[in-house]
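> Output the structure for:
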Amino acid sequence: MPDTRDWIAAAATSCITSYARSVAKDKIAIKADITLTGSNGQAEKQIIRRNRIRR
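You can find the predicted model right below:
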């Protein structure tokens, strides 16, 4: 993941301050989401199946 410190610092002084604060707070989770090759396909499959049964 590219270094985002400069972007966060610039964004913190603009109109998207709260978004920049959230990105800085969740930086580890964002990096993991971008770099890891996980999938939530199985969970989505179970949710769709449950919703079909309810109907």
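> Which parts of the chain are strands?
Using DSSP state E, no strands are assigned anywhere in the chain.
> all helices of it, in order?
Secondary structure of the chain (DSSP state H): helices located at 5-11, 17-25, 27-35, 41-54.
> Make TSV out of these and add mean neighbour count and mean pLDDT.
For every residue, glycine as well, the C-beta is placed using N, CA and C. Below are the helices of the chain laid out as TSV (neighbours: other C-beta atoms under 10 Å; pLDDT from 0 to 100):
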stretch	mean neighbour count	mean pLDDT
helix 5-11	12	79
helix 17-25	13	82
helix 27-35	11	80
helix 41-54	9	83
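> Nearest residue to the residue nearest in space to the middle of the chain in space, please, no chain neighbours.
Closest to where the C-alpha atoms of the chain average out (C-alpha atoms, centre = their mean) is Ile30, at 5.0 Å. Of all residues beyond its chain neighbours, the one nearest Ile30 is Val23 (6.7 Å), with distances taken as C-beta to C-beta, 6 or more residues apart in numbering.
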